[in-house]
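Novice: dropping a prediction and its sequence here:
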Amino acid sequence: MRLGYRIALVGALAGLAAVLGPTHLKSAPVAEDRELVVNGGFEKGLTGWRVNDPAAQRLDRIARGHSGAAGASVVAKRSGPVALNDATNTVAKTTAGTSYNISAWVRSAAPFVVAQLRVREVTSGKLVSTDGQAIRLESKWQKVSMTYLTHKAKSSIDLNVIGWNVPSGQALQVDDISMRKITVAPLPVPPTAIVTTPPTTKPTKPAPSATSTAPAASSKPTPTAPTRTTDPAPAPVPPGAAVGTASVIYRGQTISNCLSARGIPSCGAFMGAAIGGNADPSSREAQFGATMGLRRTYYQSGQVANAVRTAKADLAANRLPWISFKEPYSWTDMANGKGDAWARDLALQLRGVGGPVWLAIHHEPENDGNMPEWVRMQAHLAPIIRANAPNVAFSIVLTGYNQVMANKPALSFEALWPGDGLIDIIGIDPYNNYGVVKNGKAITKFTELKEYYAKLAPFAAAHHTHWAVGETGYTQAAAAKDPAWLTRSFNDLVSMGGIGYAYFDSTLNSVGTWTLDSSVKISAFSVAMKNSVRLP
């Protein structure tokens with residue numbers, strides 16, 4: 001299930017640190033331009049703001065906000081989401097590749113309310129990209145902030161503050177909304193800089209049919225250049241091999257030689273979740289009665305520092321981080337090398353977090369662009385990441401539905417495979433949609449994830465890689481029908497050779513009631529976790 005695209009849920013850009021070779025350069029100086037938000041402090045009443053659905057929500061001005069003499073209150077007339085929307089798009093005309101710092105102060109007296117700061121980039125009425133950041137609210141004011149990088153020229157940017165799970169009669173309060181363009185001074189390139197060149201032989205994707213005899217395209221020798229080196233492609237690791245020397249805790253016992261340096265277990269599978277939207281998992285773990293073995297988080301390209309900080313905290317708590325990033329440039333530009341410095345900086349920073357990390361760049365790509373270019377981007381980035389960060393497993397994450405249920409040849413596992421020896425983990429995001437209402441009708445098909453595993457596991461084995469579930473969920477209706485579904489889907493994954501399972505415990509951009517807000521789901525999750533691998 002998609003997280004906006006993507007809910008990049010912690011922190012803001014502090015400049016990309018160009019870390020090249022062994023030399024660590026300081027971040028480029030960052031300057032912010034003028035304030036773009038109209039009446040973000042609500043000192044001029046409610047001018048410049050509206051609600052999306054006046055029948056379901058009401059916009060009021062409050063006498064005391066986070067600062068100054070006023071703030072805004074979006075009151076729910078019936079339980080559900082509420083949205084504060086800029087009356088006119090805050091940015092009328094974009095320049096591609098421009099970064100903005102965006103923030104707001106939010107609070108709510110109601111429990112379990114999540115606030116999401118969201119931007120939507122739109123061209124001619126069509127959505128180009130959307131992204132956001134969310135936090136679980138308290139009665140005190142909290143700041144939510146993010147960085148957004150524009151994708152196209154001449155788009156506009158729509159700015160919203162959304163409250164999820166707001167009970168009827170309760171409110172999301174907002175103040176001091178801000179959006180400013182970022183100016184980053186260029187960094188000098190040291191003489192020892194490593195510039196990645198494409199491999200001399202491109203990774204070969206599987207042929208479209210077993211009888212195809214077309215030879216792989218030949219590649220020209222790479223010209224000799226003393227200041228250029230090539231990030232080598234990793235050698236394939238057969239699934240099930242004893243790939244690690246580190247120990248793990250598995251079913252209450254310490255198992256030696258189970259975990260590789262990149263966090264690939266050979267004796268079980270990690271289990272965990274994405275909580276809220278990069279929210280602190282400790283309160284949920286208190287309900288589970290144990291620390292999760294795996295934590296899924298999501299970031300924009302300018303949030304490397306936040307991702308590194310969170311990964312360190314997760315490893316300190318014995319959670320394996322599985323993180324997703326949105327790339328800073330288009331798929332084609334990334335594949336052609338424009339984002340190499342960003343990728344290498346990301347790898348080198350993750351190298352220093354103190355433990356293994358799983359990484360994906362632009363997951364669930366199926367409806368986001370030219371898929372061959374996405375494949376080419378993955379094939380280009382994988383060697384850079386893996387050569388510069390021996391503790392990072394490079395993963396790709398697909399929806400799973402397009403490959404297994406929809407059976408679309410252009411989106412098949414084979415069509416989207418970057419090449420053997422490049423990918424450590426292939427992930428999918430399958431959901432049990434039983435009870436989800438679409439077009440006025442409730443879905444009655446009850447999905448067993450074993451159907452997905454049965455197709456993914458053989459593909460992974462044939463291509464010398466490992467597989468995992470990057471997101472999954474089941475509705476409250478599904479939990480009532482079959483309380484053991486969650487436990488069974490994890491146990492099936494372990495028995496069929498999967499190495500990770502991440503549940504999507506969030507309401508963000510969701511079509512179903514995935515959250516673990518019931519004793520039935522909490523119990524099922526807790527039971528499954530007892531059979532999962534944990535970092536010692």
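Specialist: Cool, got the structure. Numbering: from 1, shown residues only.

Novice: skip the chain neighbours and tell me the closest residue to residue 326.
Specialist: Once flanking residues are discounted, residue 326 sits nearest to residue 300: 5.1 Å by C-beta to C-beta, 6 or more residues apart in numbering. In this view, the C-beta of every residue, glycine as well, is placed from N, C-alpha and C.

Novice: in stretch 491-511, which residues are buried?
Specialist: Using 16 or more other C-beta atoms under 10 Å as the burial criterion, the residues of stretch 491-511 that qualify are 491-494, 496-510.

Novice: can you check the distance spanned by it, start to finish?
Specialist: End-to-end distance for stretch 491-511, by C-alpha to C-alpha, to the nearest Å: 25 Å.

Novice: domain assignment for this protein?
Specialist: In the domain annotation for the chain, the residue ranges read 29-184, 246-534 (automatic domain parsing).

Novice: residues near residue 526, how many?
Specialist: Neighbourhood size, residue 526 [other C-beta atoms under 10 Å]: 16.

Novice: now it. Nearest residue, chain neighbours left out?
Specialist: Using C-beta to C-beta, 6+ apart, the nearest residue to residue 526 is residue 288, at 5.0 Å.

Novice: what's the spacing between that neighbour and residue 507?
Specialist: With distances taken as C-beta to C-beta, to the nearest Å, residue 288 is found 19 Å from residue 507.

Novice: equivalent analysis for residue 347, please.
Specialist: As judged by C-beta to C-beta, residue 347 and residue 507 stand 33 Å apart.

Novice: list the contacts for the closest residue to residue 38 other than its chain neighbours?
Specialist: Computed as C-beta to C-beta, 6+ apart, the closest residue to residue 38 that is not its neighbour in sequence is residue 48, at 3.7 Å. For residue 48, the contacting residues are 37, 38, 39, 86, 87, 88, by C-beta atoms under 8 Å, 6 or more residues apart in numbering.

Novice: one more time with 10 Å, if that's ok
Specialist: Contacts for residue 48 (C-beta atoms under 10 Å, 6 or more residues apart in numbering) come out as 37, 38, 39, 40, 42, 86, 87, 88, 90, 177.

Novice: quick one: residues contacting the fourth one.
Specialist: Under the criterion of C-beta under 10 Å, 6+ apart, the contact partners of residue 40 comprise 48-49, 72, 86, 90, 103-105, 159, 174-179.

Novice: quick check on it: phi, psi?
Specialist: When read as degrees, to the nearest 10, the backbone of residue 40 gives phi -70, psi -20.

Novice: so the residue nearest to residue 326 makes contact with residue 145?
Specialist: No - using C-beta atoms under 10 Å, residue 300 makes no contact with residue 145, being 11.5 Å away.

Novice: okay, now residue 483: neighbour count?
Specialist: When neighbours are defined as other C-beta under 10 Å, residue 483 has 17 of them.

Novice: mean confidence for the longest helix along the chain?
Specialist: For the chain, the longest helix by residue count, based on DSSP state H, is helix 371-388. Computed over helix 371-388, the mean pLDDT rounds to 95.

Novice: pull out the buried positions in it.
Specialist: Neighbour counts over helix 371-388 (16+ other C-beta under 10 Å) mark 371, 373-388 as buried.

Novice: again, but for stretch 57-74
Specialist: Across stretch 57-74, burial judged by 16+ other C-beta under 10 Å covers 57, 59, 61, 65, 66, 70, 71, 72, 73, 74.

Novice: and which of those residues is nearest to residue 339?
Specialist: Taking C-beta to C-beta as the measure, residue 339 lies nearest residue 66 of the buried residues of stretch 57-74, at 36.6 Å.

Novice: distance of the closest one from residue 82?
Specialist: 18 Å.

Novice: would you put the C-alpha positions of the longest strand seen in the chain in PDB?
Specialist: In the chain, taking DSSP state E as the definition, the longest strand is strand 171-184. Below are the C-alpha coordinates for strand 171-184, written out as PDB (Å, rounded to 0.1, in the frame of the first residue of the first chain):
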ATOM      1  CA  ALA A 171     -10.400  19.200  16.300                       C
ATOM      2  CA  LEU A 172      -6.900  19.400  14.700                       C
ATOM      3  CA  GLN A 173      -5.300  22.700  15.700                       C
ATOM      4  CA  VAL A 174      -2.700  24.300  13.400                       C
ATOM      5  CA  ASP A 175      -0.500  27.300  13.500                       C
ATOM      6  CA  ASP A 176       2.700  28.800  12.000                       C
ATOM      7  CA  ILE A 177       2.600  27.100   8.700                       C
ATOM      8  CA  SER A 178       5.700  27.800   6.700                       C
ATOM      9  CA  MET A 179       7.100  27.000   3.200                       C
ATOM     10  CA  ARG A 180      10.400  28.500   2.000                       C
ATOM     11  CA  LYS A 181      12.600  27.700  -1.000                       C
ATOM     12  CA  ILE A 182      16.100  26.300  -0.100                       C
ATOM     13  CA  THR A 183      19.200  27.600  -1.800                       C
ATOM     14  CA  VAL A 184      22.200  25.200  -1.500                       C
END
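
Novice: could you list every helix and strand in contact with that strand?
Specialist: Helices and strands touching strand 171-184, by 3 or more C-beta pairs under 10 Å, 6 or more residues apart in numbering; DSSP states H and E, are strand 30-35, strand 57-62, strand 71-76, strand 80-86, strand 99-107, strand 114-123, strand 142-149, strand 156-166.

Novice: poorly predicted segments of the chain, please.
Specialist: For the chain, residues meeting the criterion pLDDT under 70 lie at 1-32, 132, 183-245.

Novice: contacting residues for residue 124?
Specialist: By C-beta under 10 Å, 6+ apart, the contact set of residue 124 is 154, 155, 156.

Novice: how close does residue 505 get to residue 404?
Specialist: With distances taken as C-beta to C-beta, residue 505 is found 23 Å from residue 404.

Novice: can you check residue 134 too?
Specialist: Relative to residue 404, residue 134 is positioned 30 Å away (C-beta to C-beta).

Novice: with just CA atoms, put stretch 430-442 into CSV.
Specialist: This file holds the C-alpha atoms of stretch 430-442, laid out as CSV (Å, rounded to 0.1, in the frame of the first residue of the first chain):
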residue,chain,number,x,y,z
PRO,A,430,0.6,-7.6,-0.6
TYR,A,431,-2.6,-6.8,1.4
ASN,A,432,-5.6,-8.8,2.5
ASN,A,433,-8.4,-6.5,1.2
TYR,A,434,-11.3,-8.5,2.6
GLY,A,435,-13.9,-6.0,3.9
VAL,A,436,-12.5,-3.0,2.0
VAL,A,437,-15.3,-1.0,0.3
LYS,A,438,-14.6,0.0,-3.3
ASN,A,439,-17.3,1.6,-5.5
GLY,A,440,-19.9,1.1,-2.8
LYS,A,441,-19.2,-2.7,-2.5
ALA,A,442,-17.3,-4.6,0.1
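
Novice: buried ones in it?
Specialist: Under the neighbour-count criterion of 16+ other C-beta under 10 Å, stretch 430-442 has 430, 431, 432, 433, 434, 435, 436 buried.

Novice: which residues does the second one contact?
Specialist: The neighbours of residue 431, taking C-beta under 10 Å, 6+ apart as the test, are 1, 399-401, 447, 449, 471-475, 478, 504, 510-512, 514.
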